[in-house]
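A.B. asks: the amino acid sequence is not available; the structure is as follows:
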């Protein structure tokens, strides 16, 4: 069986400024994988290249064995990639319920698709705010809504860019609990975040990005066993 997602020697640039210099990354089906690194190393650019929001200038991106780097962003989303973007980008003038309904799709005809009520069961706080406009939600509520909105597309692969950045500790804990639950249900996930301890507990595979290249990849056990690696590539 082909991996869920494979990046091979992927390069990308903003105009004349090259940012990715040959990124290699793999996410297996049912696996939680991470993309780690300091700010400015190319993590969000990698996500943008995967999602077709920034054309890859070289290399290959395959989703479930099929090349997708030449597809427009909407076709990549329709293929089964769901994105929780950095900054959330929810619809501010729609209610919580309307935000969720707006993205609902079950293109693969899943037997138990994500529904509004299922999202509310995952995030009870959203159920209480179901009629509130997106602009009136707290940052934590907006992040939960962004996760729920991505799940409503019934993605084969869920990608979270800065999953818990700027959130209160209780909200961060809720997001991590959500990801653990999704992993238990077999959801494939690629997550970017700075909380190495939480990621090491949840994830199966880690990739460290530095200056537009993956400089290390390994398991959570490998990452925990090498504190010097964390200091070199992840320390502030």
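C.D. replies: Yep, it's here. This is a predicted model, so every value here is computed, not measured.

A.B. asks: residue 182 and residue 189 touch, don't they?
C.D. replies: Yes: the pair residue 182 / residue 189 is scored as a contact, 6.4 Å apart, by CB atoms under 8 Å. Glycine gets a C-beta too; all of them are placed from N, C-alpha and C.

A.B. asks: where do the contact lists of those two overlap?
C.D. replies: Residues touching both residue 182 and residue 189 by CB atoms under 8 Å, 6 or more residues apart in numbering: residue 158.

A.B. asks: ok, the two, which is more surrounded?
C.D. replies: residue 189 (24 against 18; other CB atoms under 10 Å).

A.B. asks: for that one, give me its contacts.
C.D. replies: 27, 31-33, 157-160, 179, 182-183.

A.B. asks: quick one, strands of the chain?
C.D. replies: Remark: strands assigned in the chain by DSSP state E are 5-14, 17-27, 32-36, 56-63, 66-67, 81-84, 157-161, 188-192, 205-210, 213-218.

A.B. asks: pull the residues that contact the third one.
C.D. replies: Going back to what we said before, that points to strand 32-36. Defining contact as CB under 8 Å, 6+ apart, one finds that strand 32-36 is touched by 25-27, 43, 46-47, 179, 183, 188-193, 196, 199, 202-209, 233-234.

A.B. asks: drop anything exposed from these.
C.D. replies: Listed as buried from those are 25-27, 43, 46-47, 179, 183, 188-193, 196, 199, 202-203, 205-209, 233; burial here means 16 or more other CB atoms under 10 Å.

A.B. asks: before we move on, back to that, let me have the strands of the chain in a markdown table, adding distance to residue 136 and mean pLDDT as columns.
C.D. replies: Compiled in a markdown table, the strands of the chain are given as follows (distance: least, CB to CB, whole Å; pLDDT from 0 to 100):
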| stretch | distance to residue 136 | mean pLDDT |
| --- | --- | --- |
| strand 5-14 | 34 | 96 |
| strand 17-27 | 35 | 95 |
| strand 32-36 | 32 | 97 |
| strand 56-63 | 36 | 96 |
| strand 66-67 | 41 | 96 |
| strand 81-84 | 20 | 96 |
| strand 157-161 | 23 | 97 |
| strand 188-192 | 27 | 97 |
| strand 205-210 | 36 | 96 |
| strand 213-218 | 40 | 95 |
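
A.B. asks: outside of stretch 15-29, which residues touch it?
C.D. replies: With contact meaning CB under 8 Å, 6+ apart, stretch 15-29 is reached by 1, 3-13, 33, 35, 42, 45-46, 49, 56-59, 157, 188-190, 204-205, 207, 209, 211-214, 217.
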